[in-house]
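A.B. asks: next comes the sequence, and after it the predicted model I'd like to discuss.
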Amino acid sequence: MSAESGRPGNRPPQRRIVVTGGPGAGKTAALELARRVFPRNVKVLKEAASIIFSGGFPRQSDADGQRSVQRAIFRVQIELERMVENQEETRLVLCDRGTVDGLAYWPDDAASFWRDLGTTLDDQLARYDSVIHLRTPSARDGYERQGVRIETAAEAARIDARIAKAWEGHPRRFFVESTADFLEKASHAVALIGEELPPDCHEQPLGRGERATA
């Protein structure tokens with residue numbers, strides 16, 4: 001996998017995990033909890049979209065604007081991952097979304113997305129060892145607009161479904177459903193991350209999760 005590329009000598013392979021999901025799914029909070037639980041040899045990357053939007057990149061609703069945003073997010077994501085792939089001390093990289101997520105926001109068909117970016121779905125799926133998908137809660141279950149999040153609960157649910165569709169070809173994918181108690185949901189995600197840790201930097205997980213069956 002490309003997650004292992006560029007690591008010279010006898011360095012052990014680096015694993016790369018995507019934590020994804022629709023708006024309001026709790027990815028960032030779950031990743032922060034994981035960073036605290038698994039501090040040794042684990043690197044958490046910030047969400048590329050949040051970096052871009054908090055820096056003032058314009059958000060336009062027209063098709064050209066959506067394409068520009070997704071191109072920018074894709075390239076920032078690539079560079080975030082590239083920046084840490086040769087760090088000898090980093091054995092596990094946790095990504096707040098991955099390069100495939102942009103497909104869910106692209107205004108045209110999937111083929112045009114990969115053609116525009118000069119890559120393929122298979123190549124991008126191969127970048128990641130596993131995918132953990134936190135499902136977006138409904139309005140009844142606690143979905144709220146905040147920060148750079150602008151979607152309604154209904155819009156967020158549709159995006160969540162498109163993200164699930166985009167990643168469906170990955171051979172190692174897990175879903176974490178929303179719960180009334182967010183800590184329970186976050187703990188489930190952290191448990192799944194714990195099960196993906198390389199053996200020599202493994203910490204005791206909080207529990208076991210179910211394999212996705214998409």
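C.D. replies: Perfect, I can see it now. Residues are numbered from 1 along each chain as shown.
A.B. asks: where along the chain do the strands fall?
C.D. replies: Under the criterion DSSP state E, the chain contains strands at 15-20, 42-45, 92-96, 130-134, 173-176.
A.B. asks: what does the second one contact?
C.D. replies: Identification of contacts with strand 42-45 by C-beta atoms under 8 Å, 6 or more residues apart in numbering yields 31-32, 34-35, 80-81, 84, 87, 90-96, 197, 201. (Each C-beta comes from the backbone N, C-alpha and C, glycine too.)
A.B. asks: cool, the fourth one as well?
C.D. replies: Residues outside strand 130-134 that contact it (C-beta under 8 Å, 6+ apart): 17-21, 25-27, 30, 98, 163-164, 167, 170, 172-176, 178, 185, 189, 192-193, 196, 212.
A.B. asks: if any of those are buried, give me the PyMOL selection for them.
C.D. replies: For the buried members of those, the matching PyMOL selection, counting by 16 or more other C-beta atoms under 10 Å, is:
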select buried, resi 17+18+19+20+21+25+26+27+30+98+163+164+167+170+173+174+175+176+178+185+189+192+193+196+212
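A.B. asks: contacts only, for the spatially most central residue of the chain.
C.D. replies: Taking C-alpha atoms, centre = their mean, the centroid of the chain lies closest to Arg97, which sits 2.2 Å from it. Taking C-beta under 8 Å, 6+ apart, we find Arg97 in contact with Val18, Val19, Thr20, Lys27, Glu47, Ala48, Ala49, Gln77.
A.B. asks: chain center to the helix ranked longest in the chain, what's the gap?
C.D. replies: In terms of residue count, the longest helix belonging to the chain (DSSP state H) is helix 63-84. Here helix 63-84 is found 13 Å from its chain centre; the criterion is C-alpha atoms, centre = their mean, to the nearest Å.
A.B. asks: quick one: contacts of that helix?
C.D. replies: 16, 43, 45-46, 48-49, 51-52, 57-60, 90, 93, 95, 97-99, 101-102, 105-108, 113, 116-117, 127.
A.B. asks: please tell me how far Ala111 sits from Ala25.
C.D. replies: 27 Å (C-beta to C-beta, to the nearest Å).
A.B. asks: what's around the nearest residue to Ser178 once chain neighbours are set aside, how many residues?
C.D. replies: Distance criterion C-beta to C-beta, 6 or more residues apart in numbering; nearest residue to Ser178, sequence neighbours excluded, is Pro137 at 4.0 Å. Residues near Pro137, counting by other C-beta atoms under 10 Å, number 25.
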